[in-house]
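Student: need coordinates for the below:
(2 chains)
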Protein chains: 2
Amino acid sequence: MERILISDTPKFIGQIIKVVGWVNVRRDHGKIIFIDIRDRSGIIQSVVIPDEKETYETAKMLKSEHSVEVEGLVKERPMSAKKEGMETGGVEMEVKNIKIIGKTYEELPIDISKEEMNLNLDTLLNHRVITLRNDKIKSIFKVSSEVVRSYEEFLRKDGFLEIKTPKILNAATEGGANFFKIKYFDREAFLAQSPQFYKQIAAGSFERVFEVGTVFRAEPHFTSRHVNEFTGLDAEMSFIGSFEDVMRELEKTMAYMMKSVAKNCSKDIEKYEIEAPKIKNVFPRIKLTQALEILKKEYGKEIEGIDIDPEGERLISEWVKKKYKSDFVFLTHYPTSLRPFYTMRSADPQFTESFDLLFRGIEIASGGQRIHDYEQLVKSIKSRGLNPEDFKDYTDNFKYGMPPHGGWGLGLERIVQKILGLPSIKEAILFPRDVKRLTP
Amino acid sequence: MERILISDTPKFIGQIIKVVGWVNVRRDHGKIIFIDIRDRSGIIQSVVIPDEKETYETAKMLKSEHSVEVEGLVKERPMSAKKEGMETGGVEMEVKNIKIIGKTYEELPIDISKEEMNLNLDTLLNHRVITLRNDKIKSIFKVSSEVVRSYEEFLRKDGFLEIKTPKILNAATEGGANFFKIKYFDREAFLAQSPQFYKQIAAGSFERVFEVGTVFRAEPHFTSRHVNEFTGLDAEMSFIGSFEDVMRELEKTMAYMMKSVAKNCSKDIEKYEIEAPKIKNVFPRIKLTQALEILKKEYGKEIEGIDIDPEGERLISEWVKKKYKSDFVFLTHYPTSLRPFYTMRSADPQFTESFDLLFRGIEIASGGQRIHDYEQLVKSIKSRGLNPEDFKDYTDNFKYGMPPHGGWGLGLERIVQKILGLPSIKEAILFPRDVKRLTP
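Tutor: Here you go, the predicted model:
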């Protein structure tokens, strides 16, 4: 007998069918045993009566999360027993036969059949093998998959080619201490912090490229917004007029992604009781220096130095939302000293043609225009007191007619976190990695 | 003026438009200068006449690969000057204005405007920044992108969820010496050789999952089919009846990918003058032991030991192609000693419910059914003389009703290599990594 997906069972009223799945809950009501069977599509209530002797004996032994194959008759429930708002709420299955195909060996440490498990982060992650079976948790990863799918779809339509760049580098080219070191045969190598340099070379060939790939950051942070390994949604585009073109492309991409998620994951999002992101066709753009002034004037917040801090990002997002009804805002023109040497400077060379994109209070993307002229690039390296010889492998690529170009790096998990309002980015990752956590 | 893509120029005959791109070739014919301008969509011949004085002076200075912005009048070419088989072969552009927007600082070491560059592998890879601009080389990565796109599309339609699993592991769980070591803060960690264990856990939750991600192999090989970093196209599915279900899913996926590539990359494939892959709805399946017998009988090839070698894979593919007109073949039932401890054994426990998929002579995928029962898994570990305690992090996940499941790992670059008939897998990777090569 062919397996039927549980969400399709209402089409089979009056027929004997087979479903497979996990025992979500078993309830013994007097002589009758109720079993909720769960597969990837939904849950169906199944009823075992003592008359079906052998089946009844099996049913009595069933534990939560046993994998089972169940044959039975699909029946319409009486009016009074129908469950509203549940696809299979109008049917139940009268069980004829049960076969256990995957055994549970231990009592579950957590009841995952509840809508809200109310676990602390460590418990949630330590028991990932079962917490990932909870309905509400599963929705996080359906949203995540849709974010990736819609990102790729939009950029492909817009002439971007998908590329895959190496994650093992011979040098920590961007500088900084945030690289993991690898033993690479008889030498030392580094894990890529971003596909930056490779996507630039590729943009010099294919014009428009994007990558979905793993990004490694050796930052010893303990916050709700940092992890040491995440999925980067990168893009780079040639023949731009200015970094405004990059922001324009990114905001179109984000708008498309948000619409796709709202449309294709509506049920998943509902579970999180959070309002849909407010999106404008054109996201507000605020210069970083102006943002700092607004923070001072509106919130009395004095920032030490020239950069905005996480609290500042949260407050400026709040202000933008009130003023412009937008959950997204570009902060632009970061000071030169805050950006890497390859960033294009503005007319006032103290500032750069760069931006961060904030979504609901946190930075989800960083980008801008890059220097494409070889001599200008060498000059920029020198102006920072660095030795151009150390960057030769990189700068040599700019000797052959690199066009004006720019791009962005987006973080998948922060987007998912903020769409669903998750307290920590780690909840948006199947198996997150932080300074202390390398398991499961 | 808005930029027009070069492939669209035939729609603008009689109009002045702007194109941007690279100088593919400049030819001076007496007083007239011909410039072929190339963008991501195609090439257009442009003509500069001395009357346009300033433009003419700029044109004289143009070098190959300069990035330029060109304004001009699109004209239909006279019948005799039309070029067949080229989208823009019927038009040319009378140049009014040229602006250099990205300078070439050095003579190109290689003429990339030729159809065939005929370079050895090292030269091709050492000069990747410019060889990637060659038309025929670019086609490789268009095919690669389409392989990934169609893989994802098919599996999504078939109910698979895209996942991202961690690449940093706390232990080299699968055993073996092919792991790269990382310094992870104050401890040691490893780079993932495959998403095996994580995709199994995910299949225990979402039933059907796939991943496109980087795979690291510390194998000191120097062959045309090995690299140390590649893109894995993985999948794992629960509630299978046997490993036949996994092969069925994989052959449907491969057939879909081959059709998509043939349809959407026909021009790219044409350049390689190779016949389209021969695909059957059901790929031939041969037991490994039978394959070895065929090799002996048909080719007089004696194999030492119980595994097939690369020459054997080539020959058995040849034999299958002759006999069944198929470029694909499954070799099945590998001996238990050749497969990892988590592989499900066959009725005869000397063999496993496993397969390799060969495509045009090389293994592109490996897969099979996994052991899903906790006690059976522990027994399998012991039977190999290993200590189950060492695998506790892995085996503990099997205590909670894991359903029967299986899956595969496919290698993106080998597929692309064999679709186009490339001599080395490294040609199918933008920036390949091998024992000696970590640049560019």
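Student: residue A:90 contacts residue A:75, doesn't it?
Tutor: No: judged on C-beta atoms under 8 Å, residue A:90 makes no contact with residue A:75 at a distance of 9.9 Å. The way it works is simple: take the backbone N, C-alpha and C, and place the C-beta from them, glycine included.
Student: compare these two (neighbour count), which wins?
Tutor: Between residue A:90 and residue A:75, counted using other C-beta atoms under 10 Å in any protein chain shown, residue A:90 has the larger neighbour count: 17 against 14.
Student: centroid-wise, who is the farthest residue in chain A?
Tutor: For chain A, the residue at maximal distance from the C-alpha centroid (C-alpha atoms, centre = their mean) is residue A:51, at 49.5 Å.
Student: quick one: that one is in a strand?
Tutor: No: assessed with DSSP: H, G, I helix; E, B strand; the rest coil, residue A:51 is coil; it does not lie in a strand.
Student: do you know the pLDDT at it?
Tutor: We have a pLDDT of 92 for residue A:51.
Student: is chain B contacted by the helix or strand where residue A:57 lies?
Tutor: Taking DSSP states H and E as the definition, residue A:57 sits inside helix A:53-61. No: Helix A:53-61 does not reach chain B (C-beta under 8 Å from any C-beta of the partner chain); its nearest approach is 12.7 Å.
Student: what is that helix packed up against?
Tutor: For helix A:53-61, the contact count by 3 or more C-beta pairs under 8 Å, 6 or more residues apart in numbering or on different chains; DSSP states H and E identifies strand A:32-39, strand A:42-48, strand A:91-102 as packing neighbours.
Student: please identify the most buried of those.
Tutor: Stretch with highest mean neighbour count among the helices and strands packed on helix A:53-61: strand A:42-48 (a mean of 22; mean count of other C-beta atoms under 10 Å in any protein chain shown).
Student: off-centre distance for that strand?
Tutor: 32 Å (C-alpha atoms, centre = their mean, to the nearest Å).
Student: and that strand, which strands flank it?
Tutor: Strand pairing for strand A:42-48, determined by DSSP bridges: strand A:32-39 (antiparallel), strand A:91-102 (parallel).
Student: these: which one's closest to residue B:144?
Tutor: Proximity to residue B:144, assessed across the strands paired with strand A:42-48 by C-beta to C-beta, is greatest for strand A:32-39 (34.7 Å).
Student: which residues does the closest one contact?
Tutor: With contacts defined as C-beta atoms under 8 Å, 6 or more residues apart in numbering or on different chains, strand A:32-39 is touched by A:5-6, A:19-28, A:43-50, A:56, A:59-60, A:62, A:68, A:70, A:93, A:95, A:113, A:133, B:207, B:239.
Student: chain center to it, what's the gap?
Tutor: For strand A:32-39, the distance to the chain centre is 33 Å (C-alpha atoms, centre = their mean).
Student: average model confidence for it?
Tutor: Mean per-residue pLDDT for strand A:32-39: 96.
Student: tell me the domain boundaries of chain A?
Tutor: A:6-102, A:135-428 (automatic domain parsing).
Student: most tightly packed of the ones you listed?
Tutor: domain A:135-428 (a mean of 19).
Student: before we move on, the earlier item: quick one: the helices and strands packed on helix A:53-61 as a markdown table, columns for distance to residue A:158 too.
Tutor: Supplementary listing: the helices and strands packed on helix A:53-61 in a markdown table, determined by distance: least, C-beta to C-beta, whole Å:
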| stretch | distance to residue A:158 |
| --- | --- |
| strand A:32-39 | 37 |
| strand A:42-48 | 36 |
| strand A:91-102 | 44 |
